[in-house]
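**Student:** Compute the structure for the input listed below.
(2 chains)
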Amino acid sequence: MSELVVRGVSKSFGTTPVLRGVNLTVPQGALAAVLGPSGCGKTTLLRIVAGFDTTDAGEVMIDGQVVSAPGSTVPPERRRVGMVPQEGALFPHLSVAGNVGFGLPRRRRSTRVDEMLELVGLGGYATRMPADLSGGQQQRVALARALAPGPALVLLDEPFSALDTGLRASLREDVRVALHATAATAVLVTHDQQEALSTADVVAVLQDGSIAQAGSPADLYSAPRDLDVATFVGEAVLLDAVLRDADAADCALGTLPVHAADRAPGARGTVVLRPEQLLLGPPDRGVPARVESVAFYGHDSLVRLVLADGSVSVTARTMVGHQLHTDDEVGLTVSGAASFFPS
Amino acid sequence: MTPATSTDIGTDLPATAGPLATAPPERARSPRRTGERRPPAVLLAPAGLAAAVAVVPLVYLAIRAAEGGLATVVKVLVRDRTVSLVLRSLALSGAVTVVCLVLGISLAGLVVRTRLPGRRVWGVLVVLPLAVPSYVAAFAWLSMFPRFGGFLGSTLVLSLCCYPYVYLPVAAALARIDPAHEEVSRSLGAGQVRTFLSVTVRQVRPAAAGGGLLVALYVLSDFGAVALLRFDVFTRVIYTSYRSSFDLTPAAVLGCLLVVLTVLIGWGENRTRGRAGYARLGGGAARRRPPTELGGWAVLAVAWCGLVVSLAVAVPLAALGYWLVQGTSAGLDIAEVSVAAGSTLGVSALGAAVAVALALPVGVIAARYRGRLGRLLEQAAYAGHALPGIVVALSLVFLAVRYARPIYQQLPVLVLAYAVLFLPAAVAAVRASVAQCPPRLEEVARSLGRSPAGVLRSVTVPLAGPGVAAGAALVFLTCMKELPATLMLRPIGMETLATELWGHTDVAAYAAAAPYAAVLLLLAALPTALLTHRWGSTAGVSTNAGAP
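**Tutor:** Residues are numbered from 1 along each chain as shown, chains lettered A, B, ... in the order given. Next comes the predicted model:
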């Protein structure tokens, strides 16, 4: 399997720029998620990598070989790039076996098809027609079809978005397993933060046509590069703050440690905390606050709190939400470091 | 007669191809992706040729009319006869369209949406009039009631022949509708009737409007029925003036005026089509809606279907049967009938082949490249829509006489006329069939290592082929029924079934005409049966399989 390098890729449709100098490296065998809101250019990026659109500037390399550059494009069928489109796009006139075997030479078909169907958990479905399958099954077939020829790279274009939540989680896991089993390098495009963080080895946030930040899910979540990324990749508590020194800032919750901020002390800005960094305790410990509302999710709860001085409200994630009621008094402490963004 | 041409009829045909409907709907954001690429030259060049073939007669007709000089043109246009001619034509066209909408929508609603006793059988019976050429129906009615005719007679005959053009697209649209909309309407407190009128009918409006447009255009360009029933509309007057006068300028001017009328009607329909796309959020298969119970109304419903079918099919058949019996006793020339049948099959096959060959590049461009150029080519190819057979024939007569004397009244000119007339039907079928194969599927096939040619062979053709074949069959059918262009352009000495029939009704030799009408009916019924069978047997299945 192979490494994907996207270097400075730009693309405009008419006068509308869609991609502006996208840089992205996906190491061999990794699963990268390109995360971005609708219309940020995710799909265009995938189509350029797959060879269905050309690039206006920059280049795409698979395994060190340039496959897309302005004016020269390797045709899709010679790239060894598998695709799993949003809607599956199974060939309606072919059976499941026909679909999975589509990209295989005739003699390898029968054994490889069965193997791939087993891999995606659809052994015994070979003779079904796509119309007889559920949405999740169709996506599994689409994945098997993409993986069957042993592609250098697999592209998944929001493959789970048409499925319901429970199915999505299990299919996501199965896809991870299947990709790892085949050691495939893969790029998953999605607008769903949870999906990106939980599935991918590398997450790249695509905003306004360029990569705002790329890194491991944990890095992205705990050390976002800017406020936009911070709020996009997960729930965030934002508080006005003044930088005290290189690694501490003052805000309504007291003095918090911050990730190295390259600003002079006294700089004004915003600190970002994740709700699970706010710990609830008895009222006499930490910053006093009052419970405003509790949203119970089963595994945990989101608690909205107003600080005792009435100045700010914050959100905390806690496992003991079911014990809390509106107007309960609690004390807030902060675990871990915050991110500081100068304004 | 003009063609069963339409996007909507065309759309139904490929819907026949069953599981094809699994093809995912294009998302709202995708036009950008597929839209702005320029079609490649291998498509553009032949598409340009097709567009030229479609447009040349129209242009030449205008040139020929203008050659008469402005004064003559104005003189022809402003005379009282012309004004009343316009009014009569529009009145007939409007009346037939309204009747067809009522018949088509009511029958489609009953057959598709209710537990009508014997609905499968009715589903086949109600489209049979497609196989009855309007002049054969007119001949049948006239042969029984010699005083039959005029406005009311023409309205009746044409409506009974044309309502399937509304029925078919509406029935297909009804079968396709996502029941969720209706359920929402019911849950919001609207009753069954109000839901049908305010939700269901609204959803089939584009289909009904498309069908209505076909009917209106058919009536404006129909020649045989109105000529037999002695109702002076454009086509009959143009033919008379072509036959009877030395100066052909008035015929050319009236031809142009008729074209302008048809264009205006088409434009009007386009305006009313509405902007609403019928969206389905997300995936999941649309469920199939259980048919409505009719209860006590079943009797009335069956009576209604029975009445329409007997007037549209049984009456003409009975009349033909009667005259056949009369005619056989008077001696039937089987050799002559079979010669005419042979030449009809031959020229129709040629016409269909040429029309579909020309339509392929245009249809592919229309389905895949929604740029300005693509639209322009498609519109040009649709020119035949606005060109009644009589006008195309007239124009080709002018052209051949002036520039291609040797082939005047030879086979190529007639085949060319068929191609011009039926290009729209062929383009619509190709376009709809190609749309059954979304570019996404081809892209996936490419990414799986198939070359463009391989993709064409293994994905595009299997998916789009059945629809194109159905379109070709449809064009073949309409060629066989064609009367005015065949009448004016057929090679000297060649008679087709249509022209033989025409020749005999001219002299009121009903018994002698009957065999031709019967064979014509039989020949036309074959492709119709094929199409409706395919349509009927898979309509249910195909509408159901939603995108994943």
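**Student:** how many neighbours does whichever residue of chain B sits closest to chain A have?
**Tutor:** Closest contact between chain B and chain A, by C-beta to the nearest C-beta, is at B:Leu448 (3.0 Å). (Glycine included, C-beta is placed from N, CA and C.) A count of nearby residues for B:Leu448, using other C-beta atoms under 10 Å in any protein chain shown, gives 26.
**Student:** Let me know the distance separating the nearest residue to it once chain neighbours are set aside from A:Gly41.
**Tutor:** Leaving aside its sequence neighbours, B:Leu448 sits nearest to A:Gly103 (C-beta to C-beta, 6 or more residues apart in numbering or on different chains; 3.0 Å). According to C-beta to C-beta, to the nearest Å, A:Gly103 and A:Gly41 sit 27 Å apart.
**Student:** near chain A, which residues of the stretch 301-450 of chain B?
**Tutor:** B:438, B:440-441, B:443-450 (C-beta under 8 Å from any C-beta of the partner chain).
**Student:** residue ranges with poor pLDDT in chain A?
**Tutor:** A:1, A:260-261 (pLDDT under 70).
**Student:** Could you pull out the helices in it for me?
**Tutor:** A:42-50, A:96-100, A:109-119, A:135-147, A:165-181, A:193-199, A:217-222, A:227-232 (DSSP state H).
**Student:** before we move on, the earlier item: hang on, isn't the residue of chain B closest to chain A packed against A:Gly82?
**Tutor:** Yes. Assessed by C-beta atoms under 8 Å, B:Leu448 is found in contact with A:Gly82 at 7.2 Å.
**Student:** Out of the residues of the stretch 301-450 of chain B next to chain A, list just those in strands.
**Tutor:** Among these, no member falls in strands (DSSP state E).
**Student:** quick one on the thing from earlier: so what sits against both of B:Leu448 and A:Gly82?
**Tutor:** A:103, A:145-146, A:149 (C-beta atoms under 8 Å, 6 or more residues apart in numbering or on different chains).
**Student:** got these as TSV, with neighbour count columns?
**Tutor:** Below are these laid out as TSV (neighbours: other C-beta atoms under 10 Å in any protein chain shown):
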residue	neighbour count
A:Gly103	24
A:Arg145	31
A:Ala146	28
A:Pro149	21
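**Student:** Out of these, which is nearest to chain B?
**Tutor:** Distances from chain B to those, taken as C-beta to the nearest C-beta, are shortest for A:Gly103 (3.0 Å).
**Student:** how about the residue of chain B closest to chain A, what does it touch?
**Tutor:** B:Leu448 touches A:77, A:82, A:102-103, A:145-146, A:149, counting by C-beta under 8 Å, 6+ apart.
**Student:** Return the residues of the stretch 51-200 of chain B in contact with chain A.
**Tutor:** Counting by C-beta under 8 Å from any C-beta, no residue of the stretch 51-200 of chain B is near chain A.
**Student:** Residue 334 - how many residues pack around it?
**Tutor:** Picked chain A for this. As a measure of burial, A:Val334 has 21 neighbours, counting by other C-beta under 10 Å.
**Student:** not what I meant, chain B
**Tutor:** 8.
**Student:** Check A:Asp327 too.
**Tutor:** Other residues lying near A:Asp327 total 8 when counted by other C-beta under 10 Å.
**Student:** That one against A:Arg290, yeah?
**Tutor:** Yes. Between A:Asp327 and A:Arg290 there is a contact at 6.1 Å, judged by C-beta under 8 Å.
**Student:** In the stretch 201-343 of chain A, what residue lies closest to chain B?
**Tutor:** Ranked by C-beta to the nearest C-beta, the top residue of the stretch 201-343 of chain A for proximity to chain B is A:Gly209, at 14.0 Å.
**Student:** For that residue, which non-adjacent residue is spatially closest?
**Tutor:** Nearest to A:Gly209 is A:Arg20, by C-beta to C-beta, 6+ apart, at 4.2 Å.
**Student:** Could you give the number of residues near B:Gly467?
**Tutor:** Quick note: B:Gly467 (other C-beta under 10 Å) scores 28 neighbours.
**Student:** Could you measure from it over to B:Ser433?
**Tutor:** 3 Å.
**Student:** For the residue with the largest distance to the centre of chain B, which phi and psi angles does the backbone take?
**Tutor:** Distance from the centre of chain B peaks at B:Gly449, with 40.3 Å (C-alpha atoms, centre = their mean). The phi/psi pair for B:Gly449 (degrees, to the nearest 10) reads phi 100, psi 10.
**Student:** isn't it right up against A:Pro149?
**Tutor:** Yes. Between B:Gly449 and A:Pro149 there is a contact under C-beta under 8 Å: 6.1 Å.
**Student:** Between these two, which contacts overlap?
**Tutor:** A:80, A:103.
**Student:** Tell me, how many residues neighbour A:Pro275?
**Tutor:** 18.
**Student:** With A:His325 instead?
**Tutor:** 9.
**Student:** Could you tell me which residues make contact with it?
**Tutor:** Shown in contact with A:His325 (C-beta under 8 Å, 6+ apart): A:291, A:294.
**Student:** Can you pull the phi/psi pair for it?
**Tutor:** Torsion angles, degrees, to the nearest 10, at A:His325: phi -130, psi 160.
**Student:** Low-confidence bits of chain B, can you list those?
**Tutor:** In chain B, residues with pLDDT under 70: B:1-37, B:269-289, B:328-332, B:385-386, B:507-508, B:527-548.
**Student:** For A:Met116, give its distance to A:His299.
**Tutor:** On the measure of C-beta to C-beta, A:Met116 and A:His299 end up 34 Å apart.
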